[in-house]
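Enquirer: here is a sequence with its predicted model. Questions after.
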Amino acid sequence: MTTTGTETVKAATARGITTLTLDSPANRNALSARLVGELADAVAECGKDPAVRAVVLTHTGTTFSAGADLKEPPNPYTFVALLRRIVELPKPVVARVDGHVRAGGLGLVGACDVAAASAGSDFAFTEVRIGVAPAVISLPLLPRLEPRAAARYYLSGERFDAAEATRMGLLTAVAEDVDEALAPVLDGFRKASPQALDATKQLLTARVRETFDRDAEDLVQRSASIFASAEAREGMTAFLERRDPAWVL
């Protein structure tokens, strides 16, 4: 096994599978400008390395990602570029979740080709509770999610479990032992031709890539407008101050 890494993302390669581990426990792997940039670079390196057959995206600690880092948020264009890089990588990308996923973290899961989580994992689109909307992450998510479930959880911000995440299309599988569940998937990648994996992934991601081409600019602009609003400022301030925002009834 070979191991490398940056301040927030660690990379380890074994038998053709590179595992990229989000390693920013101080902020629950929140999507800071640094983490997004370093993850994008790591994904790009995987794309260029012929020894890498597939990529696993996972995390340290009990949180896969808490969503956007409100103290050091990434540029929305940079985040879109990261999501697109995962979608367009000519190799399968697998999300391995063993814990909590919130807001923008669900965008990372949605961009992956396969996603598995432990039975105790949970998820929530918490954007509405701080005065914003899950705009940019909709690019990889809405083409994959069951529409009624997406409407419910987008609008309510409710927490849902891994079984529900599987039913609605966010996850491929849920298991008591997520590594055991993923073992045959990764073994299948090792047996597949690199050319065939690339061509097959292009077939599978066609609708998602069309969504990026058509909607990315509009959703970035919409997201920026909402984030600059007075309600969003109140929501984010309330979150950082650990209080309810003014609109809570």
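Expert: Noted; the coordinates are in hand. No experiment lies behind these values; they were computed from the predicted model shown.
Enquirer: buried residues, the host helix or strand of residue 149. List them.
Expert: Counting by DSSP states H and E, the element that carries residue 149 is helix 147-156. For helix 147-156, the neighbour count (16 or more other Cβ atoms under 10 Å) marks 149-150, 153-154 as buried. Any C-beta I mention is one placed from the backbone N, CA and C, and that applies to glycine too.
Enquirer: and the contacts of that helix?
Expert: Contacting residues not belonging to helix 147-156 are listed as 123-125, 128, 133-134, 141-142, 158, 160, 164, 167-169 [Cβ atoms under 8 Å, 6 or more residues apart in numbering].
Enquirer: only C-alpha atoms, please: export it in CSV.
Expert: Taking only C-alpha atoms (Å, rounded to 0.1, in the frame of the first residue of the first chain), the coordinates of helix 147-156 have been written out as CSV:
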residue,chain,number,x,y,z
PRO,A,147,-38.9,13.0,-6.7
ARG,A,148,-41.4,12.7,-3.9
ALA,A,149,-38.7,11.8,-1.4
ALA,A,150,-36.4,14.6,-2.6
ALA,A,151,-39.3,17.1,-2.2
ARG,A,152,-40.0,16.0,1.4
TYR,A,153,-36.4,16.0,2.6
TYR,A,154,-35.3,19.1,0.7
LEU,A,155,-38.2,21.1,2.1
SER,A,156,-38.3,19.9,5.7
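Enquirer: show me what the helix or strand following that helix is packed against.
Expert: If you walk from helix 147-156 toward the C-terminus, the next helix or strand you reach (DSSP H and E) is strand 159-161. Here strand 159-161 is seen to pack against strand 122-124 when contacts are counted using 3 or more Cβ pairs under 8 Å, 6 or more residues apart in numbering; DSSP states H and E.
Enquirer: all helices for the chain, in order.
Expert: Across the chain, reading from the start of the chain, the helices by DSSP state H fall at 33-48, 76-88, 104-111, 138-141, 147-156, 162-167, 178-191, 194-204, 206-227, 230-240.
Enquirer: among these, which is nearest residue 119?
Expert: Among the helices of the chain, the nearest to residue 119 by Cβ to Cβ is helix 162-167 (5.8 Å).
Enquirer: okay, now the nearest residue to residue 219 once chain neighbours are set aside: neighbour count?
Expert: Leaving aside its chain neighbours, residue 219 sits nearest to residue 135 (4.6 Å; criterion: Cβ to Cβ, 6 or more residues apart in numbering). Residue 135 is flanked by 20 other residues according to other Cβ atoms under 10 Å.
Enquirer: done for today, thanks.
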